[in-house]
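Participant: 3D, please:
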Amino acid sequence: MIGAACTCGSDPGQCNRFAACNRGDCVMEEREINMGSGWKMTIRMDVDKYGKQFIEIAKVRKEMKIGRFKLNPRYARKLGEELIRIGDELEKGGGLEEDAGESGED
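Facilitator: I've put the predicted structure just below:
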C-alpha cells in the first residue's frame with residue numbers, strides 16, 4: 001500500500017476495501033499532482049471485482065478521468081525509482097525545467 005489513511009479513520013490495513021473494517025464507505029485517500037492548464041494526475045489504491053488490489057494512476061480534467069492505468073502494487077517502487085532516474089537524466093541534460101508544463105493557471 002502507499003501509506004494513505006482511510007477516510008473512515010482506520011489504519012490502511014484495516015479498511016473495508018482491503019481488510020475488515022466495519023464501515024462500508026471506506027475509500028483510500030486520493031493523491032493529486034497538478035499538471036497545469038486544468039489537468040491533474042491522481043493516484044489511489046483500489047480493489048477490482050475479484051478482490052485484487054491495484055494502484056490507479058489517472059489523468060483528470062474537470063473531474064473526469066480521461067485516461068487510467070492500473071498498476072500492480074508490487075511494481076510501484078520499481079516504477080517510482082525508474083521515474084526518478086529519468087527525471088535525473090533529463091535534469092542533467094537540461095531538458096527539464098522546474099515549472100515545465102505548469103502555467104500556474106487553472
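Participant: Could you use CA atoms for every contact and neighbour count after this?
Facilitator: Noted.
Participant: I'd say Asn72 and Ile57 touch.
Facilitator: No. Between Asn72 and Ile57 there is no contact under CA atoms under 8 Å: 11.0 Å.
Participant: higher neighbour count, these two?
Facilitator: Taking other CA atoms under 10 Å, Asn72 and Ile57 do not tie; Ile57 has more neighbours (19 against 13).
Participant: can you pull the contacts of that one?
Facilitator: Met41, Thr42, Ile43, Arg44, Arg68, Phe69, Lys70, Leu71 (CA atoms under 8 Å, 6 or more residues apart in numbering).
Participant: redo that, cut-off 10 Å
Facilitator: 31-32, 41-45, 65, 67-71 (CA atoms under 10 Å, 6 or more residues apart in numbering).
Participant: now the protein, which segments are flagged as low pLDDT?
Facilitator: For the chain, the stretches flagged by pLDDT under 70 are 1-28, 96-106.
Participant: one step back: can you redo the contacts of Ile57 as CSV with distance to Gly80 and secondary structure?
Facilitator: Below are these laid out as CSV (distance: CA to CA, whole Å; DSSP: H, G, I helix; E, B strand; the rest coil):
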residue, distance to Gly80, secondary structure
Arg31, 15, strand
Glu32, 16, strand
Met41, 15, strand
Thr42, 15, strand
Ile43, 12, strand
Arg44, 14, strand
Met45, 15, strand
Lys65, 22, strand
Gly67, 19, strand
Arg68, 17, strand
Phe69, 15, strand
Lys70, 15, strand
Leu71, 12, strand
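Participant: Good, wrapping up.
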